[in-house]
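# any chance you could fold what I've pasted below:
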Amino acid sequence: MRLSALALRYAGALFAAAREANAVDAVESDLGMITWSLGEVPRLEETLTHPLIPAARKKSIAESVFKGKVQDITLHFLRLVVDKRRESILPEVETEYVRLANDFRNVCIVNVTSAVALTDDEKAKLTEKLSRATGKTVRLALAEEPDLVGGLVVQIGDTVTDGSIKGNLASLREKLLGRE
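Below is the predicted model of the structure:
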């Protein structure tokens, strides 16, 4: 089974349990804290992912670090992941879980790349327009790339709309060369 398919399965099971327990937001926060901790404390990640360390020892360490700081459902999930020797997929599970939680809340993350920083007014207008177009609450993930010269590149899921000057010039070049 591919890693992402496995992460999707685990994230889906955790999401279903969190939804039933009315703890979708809390579990999302817990997963963020766990993956952040694994990234910030390399020794913790090394210990939890090391194949020679017994699962019982890993669970003991995970409980000592996270018990009382995360929901019981999250701690139970962490124990399950350790029992199944799937610790390495936790960051990917978090990503999939966040996607599922956003779908549940009818939230759409839109990646927007611009040549220069957008003003607050531009962000508000873009958010409003994209919300109307998608029928969802839009949260912008902004990035700057001076090479675009001007305009925007907007990505919603797998769909990318390149409205940048750089993109338009490249498209025009392809048309003039007869490649399009």
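
# strands of this structure, start to end?
107-114, 137-144, 152-156, 159-162 (DSSP state E).

# redo those as a markdown table? Include distance to residue 71.
Any C-beta I mention is one placed from the backbone N, CA and C, and that applies to glycine too. A markdown table is the format used below for the strands of the chain (distance: least, CB to CB, whole Å):
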| stretch | distance to residue 71 |
| --- | --- |
| strand 107-114 | 21 |
| strand 137-144 | 23 |
| strand 152-156 | 31 |
| strand 159-162 | 34 |
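
# mean pLDDT for these: which is lowest?
Lowest mean pLDDT within those: strand 159-162, a mean of 85.

# now it - C-alpha only, CSV.
Presented in CSV, the C-alpha positions along strand 159-162 are these (Å, rounded to 0.1, in the frame of the first residue of the first chain):
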residue,chain,number,x,y,z
THR,A,159,-6.6,23.3,-10.3
VAL,A,160,-4.1,26.0,-11.0
THR,A,161,-5.0,29.3,-12.7
ASP,A,162,-2.0,31.2,-13.9
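
# so what's the gap between it and the chain middle?
19 Å (CA atoms, centre = their mean, to the nearest Å).

# flag every buried residue along that strand.
Within strand 159-162, the residues scored as buried using 16 or more other CB atoms under 10 Å are residue 162.

# so which elements touch the lowest-mean-pLDDT helix or strand in the chain?
Lowest by mean pLDDT, DSSP states H and E among the helices and strands of the chain is helix 165-176, with a mean of 79. On a contact count with 3 or more CB pairs under 8 Å, 6 or more residues apart in numbering; DSSP states H and E, helix 165-176 meets no helix or strand.

# report the contact partners of the residue nearest the centre of the chain.
Centroid-nearest residue in the chain, with CA atoms, centre = their mean: residue 95, separated by 3.6 Å. By CB atoms under 8 Å, 6 or more residues apart in numbering, the contact list for residue 95 reads 7, 11.

# ok, it to residue 145 distance?
Using CB to CB, to the nearest Å, one obtains 23 Å as the distance from residue 95 to residue 145.

# ok, now residue 165?
For residue 165 relative to residue 145 (CB to CB), the value is 12 Å.

# same question, residue 101
29 Å.

# now swap in residue 52 and tell me
Distance from residue 52 to residue 145, by CB to CB: 44 Å.

# which of these two has more neighbours?
The neighbour count for residue 52 versus residue 145, taken as other CB atoms under 10 Å, is higher for residue 145 (13 against 4).

# leaving out chain neighbours, which residue sits closest to that one?
Using CB to CB, 6 or more residues apart in numbering and skipping residues adjacent in sequence, the residue nearest residue 145 is residue 113, 5.2 Å away.

# the one you found and residue 87, how far apart?
Taking CB to CB, one finds residue 113 at 34 Å from residue 87.

# angle of the least confident helix or strand of the chain against strand 152-156?
90 degrees (axes from the mean of the first three to the mean of the last three CA atoms, to 10 degrees).
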